[in-house]
Structures are given as structure tokens and as C-alpha cells.
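[1] Give the three-dimensional model of this entry:
(2 chains, ligands or ions: 3)
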Amino acid sequence: MVHEWSLAEALLRYVASVYGPRIKTLKLRVGVLQSIDKEVLLFSIRELAGLYNVSLGDVVLEDEEAVFKCNRCGYEWSFNPGDLGEEVRESIHFLPEAVFAYTRCPRCGSRDFKVVKGRGLEVAEVVPG
Amino acid sequence: MAVKKTYVVLSSKGGVGKSTLSSLLAFYAAERGARAGLVDLDFTNPSTHIVLGVDPREVRYVEEKGIFPALVGKLRYVTPAAFTRDSPLPLRGENVSRALFELISILRLDGLDYLFIDTPPGMSDEHMDIVYRLGEVVKPVVVTTPSPLSVSSVRKMISLLRESGLREIFLVENMGGGGLADVFKEPGITYLGYVPFYPGFDNCIGSLENVRRCPLRSFFESIVDKLVSEG
Ligand SMILES: Nc1ncnc2c1ncn2[C@@H]1O[C@H](COP(=O)(O)OP(=O)(O)O)[C@@H](O)[C@H]1O
Ligand SMILES: [Mg+2]
Ligand SMILES: [Zn+2]
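    Ligands and ions are numbered 1, 2, ... in the order given. Below you'll find the model as predicted:
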């Protein structure tokens, strides 16, 4: 529940302030880097919608793969936190930047890369009404 | 984050004793019964666990709508080394800032009397982030040795801190004899005391037993006293 609750809170505030308190459909992209629990996220969003008086229809959550790009050689690759074992996955859940301690560029071995996508939460579509 | 007082231990110089000072002040404050915490924010080179003799792989946090610090003796303790299992964490500046926000925003430090924060050496965006992010509650504790190199560097940092709106700055003289009390006698700077240079300092760190039996303990404790009484 570390991030799910605080992510849901930030998200609802944002969506309600931009689109108003009646939302028919909310589509979100959830980056896989932090291993966010989608069930917990959905639960938090619904709870908080109640608290904030936001009427909320369908909520659709889809995964967004994590993509890294090497700052040294330019190589791009996709990263799956599940590949590194439970303990590492949990560390990255707490502190996403810990990923820099566990991963290198598969082509040149550099640890200097950037997270192109797959971190955090993104609003893909909102249908008000 | 409802902490009564937050002290950010800072120095523009490396190797002046930030990590040892923040660890020992926090530990001794906790030993005497205050609810004290220590958060290591030196992401690329965390070292407070070495001072306290804690194996970062053994540090476990309790997760519940955030992270509760681990207990080391009576001290509430958080180190990023626990998330990296002590392997190197080479971060660019932007990622240091991200990591910082991430950690500060998920920590549950409610109810602490005193929180000590260790920081990386220097005076960069990260330091300003810490100062800004924590807002008015934060009190900077600047560490310097008597060396002219350190003193002149720290002076620049003090003026930057003032520019960013911090009016009360604490100063600690490490590896010295008290001579800096006069050097920094000016409005807005509170000299907290000094810790002498001790060639056997390695006996003061590395395990909680060493820390408890450190012959310099009274110097650190009088700094704690001063901080507590300064309000
Ligand atoms: N009062 C002291 N006397 C002798 N050595 C000290 C003293 N304070 C710190 N040290 C030593 O100085 C070195 C740097 O200390 P550290 O706390 O890591 O500095 P920083 O965090 O500012 O880089 C360490 O090896 C530490 O053991
Ligand atoms: Mg240090
Ligand atoms: Zn590469």
C-alpha cells in the first residue's frame, strides 16, 4: 500500500480538478517498474472517489512496459522487475531508483541509462459525463 | 510528516564527519529516551550503516500506507542501502532528486521528536531539494573542520542557505578544539560545540557497542543538549 494509496490520491485530485466531479470512463497506464498492485490501486481509487464525492464509472487499468535506454551506447531494452527475484522487486517498489543498482545495459554493460517509460502512473483517457 | 524538529546535517566538504555526526547525535538522542530518527539521504554513498554497524541486508521496514523506519537499538533508522543491498548506486542528479522525493514522500515519521538527516557532500540541487521539501521545520547543522579549506567552503554554503531563506544555522566544529566558536560568532549562526580529533576514532564506530563506549560521547551529547535547549 505504499504507492497505491498516494498515487490514487494524486490522480483523483488531478482528474477531478481538470474534468470535474463526474467521470464516465477513466483509462490509466500503470508502469510496471514499481510493481504497483492494480487491485489495491483500483480499491484506493474507488475509496477516495467516495471521499472526494467524485462519481466514477468504468476504470480501466493497463500495464505500461518499462523501457530503458542506455546513455552510453543508445541501446533500448524492456525491463521486467519480476526477473530479478522477489526481494529486488520489493526494493524497486519502495524506491524505483534502486533499479540502477541491479541493472546494466545488456549491450555495453553501462549502468548509465534512463527510464524512458514504465515509471509511475499515466492518464490515458478520461470521458467526463 | 509530523516531526517536531528536523536537523539536516550538511557540509560543502566531504570527509568532515557528516555521517558520523548525524549517526551519533541521533543514536545518543535515542539512547537518552527521545524518539529520535536517522534518515540517510546520501543515495550514491550511504555510510551511516557502517557507523552504526548495521548490515543493510538485515534492515526490514514495515509497510503500511508508507514505510516505517527500522529499529536500531532505540533509534528509528532508514537507509537507502537497504534497497540496494549495499551494491553501488550510480545516479545522475535528476535521479537523485527523484529518489529523494520518493523516499521522503513514503516515509512515516509521525511522532518523532528529533529527526537527523545525513546528506551527500556538496551544495547542489539535492541539498536545496531537501531544504525546500522539508520546509520551515528543517534546521541546518553545518559541519566543518578547522582547516581553512573547509571553513571558507562552508562560509559559501552558509550564504547560500541564507539566500534560500534559512535564518537559523547551527554549526559544529569537528576534529577541532573549539577555536571556531569565535570565527563564526555572528548573528544567525549558533555554534553548537566541537568534537576533538581522536586518532582512535575507528573504535567509536562499527558497532552499537563501540558507539555506546566511544570516549568522545560527552562531546556529542553536549551538542545534543545544546540542540534540545535551542528550541
Ligand atoms: N572527531 C574525529 N576524529 C577522528 N576521526 C574522525 C572524527 N570524526 C570523523 N572522523 C573520521 O573521518 C572520516 C570521515 O567521516 P565521515 O563521517 O564519513 O565524513 P563525511 O560524511 O562528511 O564525508 C571517517 O573515517 C571518520 O571515521
Ligand atoms: Mg558521509
Ligand atoms: Zn549501452
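
[2] show me where the chain has strands.
    Just going to use chain A. Using DSSP state E, the strands found in chain A span residues A:22-31, A:55-64, A:66-70, A:76-79, A:113-117, A:121-128.

[3] could you do chain B instead?
    Along chain B, counting by DSSP E, strands occupy B:5-10, B:36-40, B:62-63, B:67-68, B:70-72, B:75-78, B:114-118, B:138-144, B:169-174, B:189-195.

[4] Output the ones you listed in a markdown table; the columns should cover mean pLDDT and distance to chain A.
    (Glycine included, C-beta is placed from N, CA and C.) What follows is the strands of chain B, written out as a markdown table (pLDDT from 0 to 100; distance: least, C-beta to the nearest C-beta, whole Å):
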| stretch | mean pLDDT | distance to chain A |
| --- | --- | --- |
| strand B:5-10 | 93 | 20 |
| strand B:36-40 | 97 | 12 |
| strand B:62-63 | 84 | 6 |
| strand B:67-68 | 90 | 6 |
| strand B:70-72 | 96 | 12 |
| strand B:75-78 | 97 | 10 |
| strand B:114-118 | 96 | 16 |
| strand B:138-144 | 94 | 21 |
| strand B:169-174 | 97 | 29 |
| strand B:189-195 | 97 | 32 |
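
[5] want to throw these into JSON lines with mean neighbour count?
    Listed next are the strands of chain B as JSON lines, based on neighbours: other C-beta atoms under 10 Å in any protein chain shown:
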{"stretch": "strand B:5-10", "mean neighbour count": "23"}
{"stretch": "strand B:36-40", "mean neighbour count": "26"}
{"stretch": "strand B:62-63", "mean neighbour count": "13"}
{"stretch": "strand B:67-68", "mean neighbour count": "18"}
{"stretch": "strand B:70-72", "mean neighbour count": "18"}
{"stretch": "strand B:75-78", "mean neighbour count": "24"}
{"stretch": "strand B:114-118", "mean neighbour count": "25"}
{"stretch": "strand B:138-144", "mean neighbour count": "23"}
{"stretch": "strand B:169-174", "mean neighbour count": "23"}
{"stretch": "strand B:189-195", "mean neighbour count": "19"}
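
[6] Let's see the pLDDT reported for the residue in chain B positioned nearest to ligand 2.
    Nearest to ligand 2 in chain B, going by C-beta to the ion, is B:Ser19, at a distance of 3.4 Å. pLDDT for B:Ser19: 98.

[7] contacting residues for it?
    B:40, B:42, B:47-48, B:50-51, B:118 (C-beta atoms under 8 Å, 6 or more residues apart in numbering or on different chains).

[8] could you redo the last one with a cut-off of 7 Å?
    Contacts for B:Ser19 were tallied using C-beta atoms under 7 Å, 6 or more residues apart in numbering or on different chains; they are B:47-48, B:51, B:118.

[9] do B:Leu38 as well
    So B:Leu38 contacts B:22-23, B:26, B:48, B:75, B:77, B:116 (C-beta under 7 Å, 6+ apart).

[10] Spell out the residue ranges of the helices in chain B.
    B:18-31, B:48-52, B:81-84, B:93-106, B:125-134, B:148-163, B:180-183, B:208-213, B:217-229 (DSSP state H).

[11] ok, residues contacting the helix ranked longest in chain A?
    What stands out as the longest helix in chain A, according to DSSP H, is helix A:2-19. The contact list for helix A:2-19 (C-beta under 7 Å, 6+ apart) reads A:23, A:26, A:34, A:36-37, A:40-41, A:44-45, A:48-49, A:52, A:54, A:93-94, A:121, A:123, A:126, A:128, B:63, B:65-67, B:105-106.

[12] one more time with 8 Å
    A:23, A:26, A:28, A:34, A:36-37, A:40-41, A:43-45, A:47-49, A:52, A:54, A:93-94, A:120-121, A:123, A:126, A:128, B:63, B:65-67, B:105-106.

[13] Could you pick out the buried ones from the residues you listed?
    Taking 16 or more other C-beta atoms under 10 Å in any protein chain shown as the criterion, what is buried in the contacts of helix A:2-19 is A:23, A:26, A:28, A:34, A:36-37, A:40-41, A:44-45, A:48-49, A:54, A:93-94, A:120-121, A:126, B:66-67, B:106.

[14] which bits of chain B sit near chain A?
    Those residues of chain B that sit near chain A, judged by C-beta under 8 Å from any C-beta of the partner chain, are B:43, B:61, B:63-67, B:80, B:82-85, B:87-92, B:95-96, B:98-99, B:102-103, B:105-106.

[15] Quick one: residues contacting the closest residue to B:Met128 other than its chain neighbours.
    Among residues not flanking B:Met128 along the chain, B:Ser164 sits closest, at 6.4 Å (C-beta to C-beta, 6 or more residues apart in numbering or on different chains). B:Ser164 makes contacts with B:128, B:131-132, as judged by C-beta under 8 Å, 6+ apart.

[16] how about low-confidence regions in the chain?
    Chain wasn't specified; assuming chain A. Scanning chain A for pLDDT under 70 picks out A:1-2.

[17] not quite, I wanted chain B
    Counting by pLDDT under 70, chain B shows low-confidence ranges at B:1, B:135-136, B:231.

[18] Which residues of it lie near ligand 3?
    Within chain B, no position lies close to ligand 3 (C-beta under 5 Å from the ion).

[19] same thing with chain A?
    Along chain A, the residues adjacent to ligand 3 under the rule C-beta under 5 Å from the ion are A:70, A:72-73, A:75, A:105, A:107-108, A:110.

[20] Between the contacts of B:Leu38, which sits nearest B:Asn174?
    Comparing the contacts of B:Leu38 against B:Asn174 with C-beta to C-beta places B:Ser22 closest, at 11.4 Å.
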